[in-house]
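Novice: Model the structure of this input:
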Amino acid sequence: LDCEWLIPHQLSLDAKLIRLRPVISPYLTLRVRRATHDSDSMLGGTATHEAAHCFYDVRVLRESLTHSSLLLQLCATLEMKPSKDDMLLKLPDVLIADDEDVMNLADGAELELVCTQATNAEHILAKQSDALARLL
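Specialist: The predicted structure follows:
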């Protein structure tokens, strides 16, 4: 008897990657809360604003999303007046400082919009830099 072994069809690497690639929604879904901190509470303290514990689910369009446009959308959602001193943190304490940080946000990320005065913002950034230096 002459037998021929049939080798199962093997998918090309490209076809496998396409099959395994997750579907990316055009929207980014975030959880955001408003917080007003005193300058010493940023690195582990508690928020001084009682509403800071209430998260809002926000959907933003990923296309052409920038740091400044995200801040504006979150301020509008939280009915806040935007300020150049506002800071955005990814909880527990990661500063979202630029467009690249915004692009790396994953669905479901918990953010905190921090309203500070310019002097407090500089103080907080200095504390975060010191904390980072201690970790390294």
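Novice: thinking residue 105 is in contact with residue 30, fair?
Specialist: Yes. Using CB atoms under 8 Å, residue 105 is in contact with residue 30, at 6.8 Å. The C-beta positions use only the backbone N, C-alpha and C, and glycine is treated the same way.
Novice: Mutual contacts of those two, please.
Specialist: Contact with both residue 105 and residue 30 is made by residues residue 111, according to CB atoms under 8 Å, 6 or more residues apart in numbering.
Novice: Comparing these two, which residue is more hemmed in?
Specialist: For the pair residue 105 and residue 30, the greater number of neighbours falls to residue 30 (23 against 19), based on other CB atoms under 10 Å.
Novice: The residue nearest to the more buried one when sequence neighbours are not counted: what secondary structure?
Specialist: The shortest distance from residue 30 to any non-neighbouring residue, by CB to CB, 6 or more residues apart in numbering, is to residue 58 (5.0 Å). Taking DSSP: H, G, I helix; E, B strand; the rest coil as the rule, one finds residue 58 in the strand state.
Novice: Pull the contacting residues for residue 58.
Specialist: Taking CB under 8 Å, 6+ apart, we find residue 58 in contact with 29, 30, 31, 32, 73, 74, 77.
Novice: in which helix or strand would I find the second one?
Specialist: The one in question is residue 30. Assigned by DSSP states H and E, residue 30 falls within strand 27-35.
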